[in-house]
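A.B. asks: prediction below, plus the sequence it came from.
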Amino acid sequence: GAVVSQHPSWVICKSGTSVKIECRSLDFQATTMFWYRQFPKQSLMLMATSNEGSKATYEQGVEKDKFLINHASLTLSTLTVTSAHPEDSSFYICSARGVRGRTQETQYFGPGTRLLVL
Amino acid sequence: RKEVEQDPGPFNVPEGATVAFNCTYSNSASQSFFWYRQDCRKEPKLLMSVYSSGNEDGRFTAQLNRASQYISLLIRDSKLSDSATYLCVVNRDYGQNFVFGPGTRLSVLP
C-alpha cells in the first residue's frame, strides 16, 4: 500500500519550453502533496506544499509563477515548470500524505522525475 | 545553523560491521522523526519512524533524545545491500513540512 507514481520519469527539453510533471497516489487519498527538488549530491529541498482544492504554499525563494502547482483531486497533483532553463535541470520528487491511518503518519515518495533542460 | 544536521560521512565499513549515524535538530517544537534511505538516483524510502522510547526493526535500531535534540540510527551486521545514503527527517508538525538532513552516505564493502 501507499504507492505514489510520477510521470514522466525523465524528460529532456529545450530551453524555454514548459514541462508538466504528474504525481499520483495510487492506492490512497492524499489531501496534501509535496514537491521537492534535489540537485546532485545535495539533499531534498522542499519547493511547495499543495493541498487539494486550494493554492499551494511555496517555500521562500521558489517562484510560484515559474513552478505552477495544481492539486485538483485527492489523487493527483501536477507541477509545471514554465519556460524551463538549464539551471532548472534537477531531480523533482513528489510525496503524498494520506487522510487516514498509516498513510497519515508520514510522507510517501514518488520515484522522481529527472529533468534536463538543454 | 542548519535545522537538521547529520554526520558528514561517507562511512566505508566491511560487511558484518556495526555502524551508527547521528543526527541533531534545532527546532525543539519538532514533533516526529524518521530515517529514510535513498539509493543513488532513486527516491527516498522510509526506513523507520523514530519513537521516544527507541525502536528496533531487525538489524536497525533508532533512538531519540528529545532533551538533547538528537536522533541516532544503529545498523548491526551490515550487508552490502545497506549501501545507500541515510536521511534524517524531522517533521515540524504532524504530517507537514518535512525537513531533510543532508544525508550520510554508507558504503558496505565485501
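C.D. replies: All right, it came through fine.
A.B. asks: what helix or strand is the closest residue in space to residue B:21 that isn't next to it in sequence on?
C.D. replies: Of all residues beyond its chain neighbours, the one nearest residue B:21 is residue B:73 (4.6 Å), with distances taken as C-beta to C-beta, 6 or more residues apart in numbering or on different chains. In short, each C-beta sits where N, CA and C put it, glycine included. Assigned by DSSP states H and E, residue B:73 belongs to strand B:70-75.
A.B. asks: how near is whatever residue of chain A ends up closest to chain B to residue A:9?
C.D. replies: Per C-beta to the nearest C-beta, residue A:109 is where chain A lies closest to chain B, at 4.2 Å. As for residue A:109, its distance to residue A:9 is 13 Å (criterion: C-beta to C-beta, to the nearest Å).
A.B. asks: between those two, who's got more neighbours?
C.D. replies: Between residue A:109 and residue A:9, residue A:109 has the larger neighbour count (other C-beta atoms under 10 Å in any protein chain shown), namely 24 against 12.
A.B. asks: that one touches residue A:95, doesn't it?
C.D. replies: Yes - contact criterion C-beta atoms under 8 Å: residue A:109 and residue A:95 qualify, at 4.6 Å.
A.B. asks: any common contacting residues for the two?
C.D. replies: Common contacts of residue A:109 and residue A:95 (C-beta atoms under 8 Å, 6 or more residues apart in numbering or on different chains): residue A:4.
A.B. asks: so residue B:81 sits in a helix?
C.D. replies: Yes - counting by DSSP: H, G, I helix; E, B strand; the rest coil, one finds residue B:81 located in a helix.
A.B. asks: wait, what's in contact with it?
C.D. replies: residue B:108.
A.B. asks: so for it, what's the pLDDT?
C.D. replies: Looking at residue B:81, its pLDDT reads 96.
A.B. asks: if we can go back for a sec, residues of the strand holding residue B:73 that come out buried?
C.D. replies: Neighbour counts over strand B:70-75 (16 or more other C-beta atoms under 10 Å in any protein chain shown) mark B:71, B:72, B:73, B:75 as buried.
A.B. asks: which of those residues sits closest to chain A?
C.D. replies: The shortest approach to chain A among the buried residues of strand B:70-75 belongs to residue B:71, at 14.8 Å (C-beta to the nearest C-beta).
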